[in-house]
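1. need coordinates for the following:
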Amino acid sequence: MADNGVAARRAAAGLLGQVLGEQVMLSEALGASYMQKLDYEDRARAQRLATETLRSLERVDRIMKPFLRKPPPLAVHNVLRIATYELCTGGAAHGVVNDAVSSVGANKRTEKMKGLTNAVLRKVVDKGPEEWAKLRVPRLPKWLRAPLSLAYGSENVGAIERVHFAGAPLDLTPKGDGAALADAVGGTLTATGSVRIEGAVQVSALAGYAAGDWWVQDAAAALPVAILKPKSGEKIIDLCCAPGGKTMQIAASGAEVTGVDTSDRRMQRVRENLERAKLSADLVVGDAMETRGQYDAVLLDAPCSATGTIRRHPDLPLVKDGSEFGELIELQAQMLAHAVTLLKPGGRLVFCTCSLLPDEGECQIEDLLEAHPELETDREALKVDGVDPVWITQEGGLRLRPDYWAEQGGMDGFYIALLRKPA
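-> Numbers count the residues shown, from 1 in each chain. Now for the predicted structure:
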């Protein structure tokens, strides 16, 4: 059977060009016009090829290096990268090589490199798959690996890298009965109550999608609200709420929830998800630092480095370099201080970040407790279903890492703390 994947492969190479050449996050690059022109299957294939090539980039470049005297132009290099990934992971040689040569030849600036493309990939066909299996799991860049090794030890960082390389399953947060949803979608119920699905699936085709029985949310990302334990009738504000999973969890509890986010585009997605799930929330497009009022509970999922999400976003360490950390850490501290002012007497504050860096988690809570000695962390609140007590940290927060649940597909890196204000 002919392999008609040329459109998807060209688009995947284009996505790599935006990520590696322009430092655009893959999630943003997916909105490019050339992606929107593809049908669903080609668009999904292009995204998968780009994602997995970026995840495997260290291996891909090592495989090609002996066959290149010098790096070719980026456009050609990215075509070769996509093809090398496919050839080393079971792709049909004839279709992959022909499409790569065709893609290079279709561009007037690179058409003279058709011969090089063919020659390199023929060598990859012969030697690539065998060499691929010998190579180590791709490592995080030094700017990130160094602080993580300091925090968790190099052995644990190696375990995190193995989970990153394995990729991530799809997690769903059920609105109702998790066990019933797991049966309906062919997934498994995790210890924390999320439903996990292995393999590639079309989300909108899953049972219960149209009825709003669930929403996509990593198991770790669902824990802050499980720890908050919202109650019917409570008045709760979710700061920085997009894409809305936590707002939806709070709304499903019966609490009166206000969601705040600066992005109208991202807030539109929250509106759509709430509508699909038949849930209601008061949504405010604006700056969280300008919010006012008194609430029974505040949830602050603060802007952060997102280093805990690399198993889902392998492009992140290739686009970022850590230079924004200082600014983010200062913003988190300011937002935490403001969040405290929104608490009623006796209120509770959940602070969380999808970061692996202690400076964006443990250190923030230590500093907050020093500035507000009246606040207390609630360790007992962290002991929800599926949480290992050894994950609770010295200052009273919860540290989640990708290598936890490694055999079941891991989880996003997260930090979560619940603080209480005196009555």
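
2. pull out the buried positions in the longest helix along the chain.
-> For the chain, the helix that runs over the most residues, judged by DSSP state H, is helix 114-132. Residues of helix 114-132 classed as buried under the neighbour-count rule (16 or more other CB atoms under 10 Å) are 114, 116-118, 120-121, 124-125, 128, 132. Any C-beta I mention is one placed from the backbone N, CA and C, and that applies to glycine too.

3. any chance of these in CSV, with distance to Glu234 too?
-> As requested, the buried residues of helix 114-132 are arranged in CSV below (distance: CB to CB, whole Å):
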residue, distance to Glu234
Lys114, 65
Leu116, 64
Thr117, 61
Asn118, 65
Val120, 61
Leu121, 60
Val124, 59
Val125, 61
Gly128, 57
Trp132, 53
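
4. and these, which is closest to Glu52?
-> Each of the buried residues of helix 114-132 was checked against Glu52 using CB to CB; the closest is Trp132, at 12.6 Å.

5. which outside residues touch stretch 361-375?
-> When contacts are defined by CB atoms under 8 Å, 6 or more residues apart in numbering, stretch 361-375 is touched by residues 329, 332-333, 336-337, 340, 349, 351, 353, 355, 377, 393-397, 399, 415, 417, 419-422.

6. confirm that Arg348 sits in a strand.
-> Yes - Arg348 forms part of a strand when assessed by DSSP: H, G, I helix; E, B strand; the rest coil.

7. what's it in contact with, if anything?
-> Residues in contact with Arg348, defined by CB under 8 Å, 6+ apart, are 228, 296-298, 378, 381, 418-421.

8. quick one on the thing from earlier: show me which residues of the next helix or strand after the longest helix of the chain are buried.
-> As assigned by DSSP states H and E, the chain's next helix or strand after helix 114-132 is helix 142-152. Applying a neighbour-count criterion of 16+ other CB under 10 Å, the buried positions in helix 142-152 are 144-145, 147-149, 151-152.

9. ok so, going back, just give me the closest of the buried residues of helix 114-132 to Arg59.
-> Nearest to Arg59, judged by CB to CB, of the buried residues of helix 114-132 is Trp132 at 6.2 Å.

10. any idea of the pLDDT on the residue most central in space within the chain?
-> For the chain, the residue nearest the mean C-alpha position is Thr309 (3.6 Å; CA atoms, centre = their mean). pLDDT for Thr309: 98.

11. show the contacting residues for it.
-> For Thr309, counting by CB under 8 Å, 6+ apart, the contacting residues are 218, 316, 354, 412-413.

12. will you turn those into a markdown table that also has pLDDT?
-> Converted to a markdown table, the contacts of Thr309 look like this (pLDDT from 0 to 100):
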| residue | pLDDT |
| --- | --- |
| Asp218 | 97 |
| Leu316 | 97 |
| Cys354 | 98 |
| Asp412 | 98 |
| Gly413 | 98 |
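
13. list the buried residues for stretch 311-330?
-> Of the residues in stretch 311-330, those buried by neighbour count under the rule 16+ other CB under 10 Å are 311-320, 322, 325, 328-329.

14. give me the contact list for stretch 19-38.
-> 7-8, 11, 14-15, 18, 43, 46-47, 50-51, 54, 74, 78, 313, 315-316, 318-319.

15. please repeat the previous calculation with a cut-off of 10 Å.
-> 7-8, 10-12, 14-18, 42-47, 50-51, 53-54, 57, 74-75, 77-78, 81, 306, 312-316, 318-321 (CB atoms under 10 Å, 6 or more residues apart in numbering).

16. which of those residues count as buried?
-> For those, burial is judged from neighbour counts taken by 16+ other CB under 10 Å, and it is met by 7-8, 10-12, 14-18, 42-43, 45-47, 50-51, 53-54, 57, 75, 77-78, 81, 306, 312-316, 318-320.

17. quick one, phi/psi of Ala220?
-> Dihedral pair for Ala220: phi -70, psi -40, per degrees, to the nearest 10.

18. tell me how far it lies from Lys70.
-> With distances defined as CB to CB, to the nearest Å, the gap from Ala220 to Lys70 amounts to 43 Å.

19. over to Pro138?
-> Distance, Pro138 to Lys70, by CB to CB: 23 Å.

20. and those two? which has more neighbours close in?
-> Pro138 (21 against 4; other CB atoms under 10 Å).

21. the more buried one contacts Thr53, correct?
-> No - checked against CB atoms under 10 Å, the pair Pro138 and Thr53 is beyond contact range at 11.3 Å.

22. could you list the domains of this structure?
-> 6-132, 220-420 (automatic domain parsing).

23. what about the strands in the stretch 101-250 of the chain?
-> Ranges of strands within the stretch 101-250 of the chain are 170-174, 188-189, 195-197, 214-216, 235-239, based on DSSP state E, counting those that start in this stretch.

24. format the ones you listed as TSV; extra columns: mean pLDDT, mean neighbour count and distance to Glu290.
-> Supplementary listing: the strands of the stretch 101-250 of the chain in TSV, determined by pLDDT from 0 to 100; neighbours: other CB atoms under 10 Å; distance: least, CB to CB, whole Å:
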stretch	mean pLDDT	mean neighbour count	distance to Glu290
strand 170-174	98	24	29
strand 188-189	98	16	40
strand 195-197	98	22	37
strand 214-216	97	22	28
strand 235-239	98	25	11
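
25. TSV please, covering those strands and showing distance to Ala251.
-> Putting the strands of the stretch 101-250 of the chain into TSV (distance: least, CB to CB, whole Å) gives the following:
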stretch	distance to Ala251
strand 170-174	12
strand 188-189	22
strand 195-197	19
strand 214-216	11
strand 235-239	9
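
26. can you check which of those strands gets nearest to Ser280?
-> Nearest to Ser280 among the strands of the stretch 101-250 of the chain is strand 235-239 (13.2 Å), distances taken as CB to CB.

27. what's the closest one packed up against?
-> When contacts are defined as 3 or more CB pairs under 10 Å, 6 or more residues apart in numbering; DSSP states H and E, strand 235-239 sits against helix 223-228, helix 245-252, strand 256-261, strand 282-285, strand 295-301, helix 325-341, strand 343-353.

28. out of these, flag the one nearest Arg196.
-> The closest of these to Arg196 is helix 223-228. By CB to CB, the value is 14.2 Å.

29. that older thread, between the helices and strands packed on strand 235-239, which one is closest to Asp99.
-> Distance to Asp99, taken as CB to CB, is lowest for helix 245-252 among the helices and strands packed on strand 235-239, at 37.6 Å.

30. enumerate every residue touching Asp39.
-> 7-8, 45.
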